[in-house]
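Student: okay, here's the prediction I keep looking at, along with the sequence it came from:
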Amino acid sequence: MLYARKDKVKVGVLGATSYTGAELVRLLSFHPGASIRYVSSQSYEGKTLSSVFPALAGICDDVLLSPREAVATDAECVFSCLPHAASAELLLPVIERGIKVIDLSADFRLRDANVYKEWYCDESHPGHPAPQLLEKAVYGLCEHYREHIAGASIIANPGCYVTSVLLPLLPLYKGGVKIDWAIADSKSGVSGAGRGLKQNTHFPEANENFSAYSIGHRHRHTPEMEQELSVAAGRPVTLTFSPHLLPVNRGILSTIYLKTESTAAECAETVKKFYSGEAFVRVRGASDLPQISSVVHTNYCDIAFTGGGAGQPVIAVSALDNLVKGASGQALQNMNIMFGLPETAGLLR
């Protein structure tokens, strides 16, 4: 495997004790072109990361720094797995020093500060911490913004649900496929809700259960999806998005219904052609529908199209791991592009 640089990229991880942070550290620890400079946590400052996640013993036994201490440490690239608002605020001094950042929160995903305020702000966070930086941020959906990512200093890593919906749909909108309406019915494992204890993710509530939440255009990922679909279509696009909680640890399965005059085979061919040569998007046949078990612990997104005909909607099905292609794996893919490394480095063995 050839590299454009001989030395390893020195990286820092803020929020390393989140699920996405721990997954990112695991991936980075085996990356041939990256070296972890520091790991950070507000809650577990002074402890070793492996004491919080015993599975990382011998992989990363680094002591966790406080976020304030960490951002003052030298690194070439900083990943932030912190909550929204806190992420952008702590990244400001890093960005000012010219260090490249990859933000896994929602803080740089929405291009309009007013839209961000509507969906993410409250009395404790009345507005975006750094609205002047929104226009500098590049949306980090690698297969669609690769050229922009390569020269970026701020990457907004896409949401997990969003990735599962955009990867099947964007090639259709970009390719001029006429779509009258789209409904995304998505199901995620409980790790998508983070490590904080919530009643609906408490084991007795989630186990042997299946539930919808934040439906009716009330989920924060909706404006992110509509933003990117509108850019692809060159016109305003609305989407009905219904998320559900699966009683599994990880993985997302999205079933997307499309009112279109195109056939499922035509949609599949458009998407397959668009992703030809892409390492992490696999377009399957209509009789080989994606499933979560085929993608967990990988950076793949599997896609298939079926249905349609006789006035019925075309149905797209996608599956990915919400912690890898939906978060940390995609973040690492972004880093590889930014630093001229092989895009599959640390993600394929």
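Tutor: Structure's in. What do you need? Only a predicted model underlies this, so the values are computations on that prediction, with no experimental measurement involved.

Student: from memory Tyr19 sits against Ser191, does it?
Tutor: Yes: using CB atoms under 8 Å, Tyr19 makes contact with Ser191 at a distance of 4.9 Å. C-betas here are computed from N, CA, C, even on glycine.

Student: quick check: neighbours shared by those two?
Tutor: Taking CB atoms under 8 Å, 6 or more residues apart in numbering as the contact criterion, the residues that touch both Tyr19 and Ser191 are Leu323.

Student: quick one: low-confidence parts of this structure?
Tutor: For the chain, the stretches flagged by pLDDT under 70 are 1-6, 194-197, 199, 202.

Student: could you rerun that using 50?
Tutor: Along the chain, the parts satisfying pLDDT under 50 run over 1-2.

Student: which residues in it form strands?
Tutor: 9-14, 34-39, 77-80, 100-103, 138-139, 154-156, 179-188, 211-212, 240-245, 252-260, 281-283, 301-307, 314-320 (DSSP state E).

Student: now those strands as a markdown table including mean neighbour count and distance to Val295?
Tutor: Output for the strands of the chain, formatted as a markdown table (neighbours: other CB atoms under 10 Å; distance: least, CB to CB, whole Å):
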| stretch | mean neighbour count | distance to Val295 |
| --- | --- | --- |
| strand 9-14 | 25 | 24 |
| strand 34-39 | 21 | 23 |
| strand 77-80 | 27 | 22 |
| strand 100-103 | 26 | 22 |
| strand 138-139 | 21 | 22 |
| strand 154-156 | 25 | 23 |
| strand 179-188 | 19 | 13 |
| strand 211-212 | 12 | 22 |
| strand 240-245 | 19 | 18 |
| strand 252-260 | 21 | 9 |
| strand 281-283 | 23 | 9 |
| strand 301-307 | 24 | 6 |
| strand 314-320 | 26 | 5 |
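
Student: so which of the ones you listed gets nearest His148?
Tutor: Closest approach to His148 among these is made by strand 138-139 (4.6 Å; CB to CB).

Student: tabulate the strands of the chain in TSV, adding columns for distance to Glu45.
Tutor: Output for these, formatted as TSV (distance: least, CB to CB, whole Å):
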stretch	distance to Glu45
strand 9-14	12
strand 34-39	11
strand 77-80	16
strand 100-103	21
strand 138-139	31
strand 154-156	26
strand 179-188	30
strand 211-212	35
strand 240-245	31
strand 252-260	32
strand 281-283	39
strand 301-307	35
strand 314-320	32
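
Student: closest to Ile337 out of these?
Tutor: Going by CB to CB, the one of those nearest Ile337 is strand 154-156, 9.0 Å.

Student: remind me what the closest one packs against, helices and strands.
Tutor: strand 100-103, strand 138-139, helix 329-338 (3 or more CB pairs under 8 Å, 6 or more residues apart in numbering; DSSP states H and E).

Student: give me that answer again for 7 Å
Tutor: strand 100-103, strand 138-139 (3 or more CB pairs under 7 Å, 6 or more residues apart in numbering; DSSP states H and E).

Student: distance to Tyr120 added to the ones you listed, as a markdown table?
Tutor: Converted to a markdown table, the helices and strands packed on strand 154-156 look like this (distance: least, CB to CB, whole Å):
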| stretch | distance to Tyr120 |
| --- | --- |
| strand 100-103 | 13 |
| strand 138-139 | 16 |
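
Student: quick check: which of the strands of the chain is nearest to Glu228?
Tutor: strand 138-139 (6.8 Å).

Student: distance from that closest one to the middle of the chain?
Tutor: Mean C-alpha position of strand 138-139 versus that of the full chain (CA atoms, centre = their mean, to the nearest Å) differs by 12 Å.

Student: between strand 240-245 and the lengthiest helix in the chain, find me the angle.
Tutor: Ranked by number of residues, the top helix in the chain under DSSP state H is helix 160-174. Counting by axes from the mean of the first three to the mean of the last three CA atoms, to 10 degrees, helix 160-174 lies at 150 degrees to strand 240-245.

Student: buried residues in helix 160-174, which are they?
Tutor: Buried residues in helix 160-174, counting neighbours by 16 or more other CB atoms under 10 Å, are found at 160-174.

Student: ok, stretch 82-96 next?
Tutor: For stretch 82-96, by 16+ other CB under 10 Å, it's Leu82, Pro83, His84, Ala85, Ala86, Ser87, Ala88, Glu89, Leu90, Leu91, Val94, Ile95.

Student: export those to JSON lines and tack on distance to Glu278?
Tutor: Listed next are these as JSON lines, based on distance: CB to CB, whole Å:
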{"residue": "Leu82", "distance to Glu278": "30"}
{"residue": "Pro83", "distance to Glu278": "31"}
{"residue": "His84", "distance to Glu278": "29"}
{"residue": "Ala85", "distance to Glu278": "33"}
{"residue": "Ala86", "distance to Glu278": "33"}
{"residue": "Ser87", "distance to Glu278": "28"}
{"residue": "Ala88", "distance to Glu278": "30"}
{"residue": "Glu89", "distance to Glu278": "35"}
{"residue": "Leu90", "distance to Glu278": "33"}
{"residue": "Leu91", "distance to Glu278": "29"}
{"residue": "Val94", "distance to Glu278": "30"}
{"residue": "Ile95", "distance to Glu278": "30"}
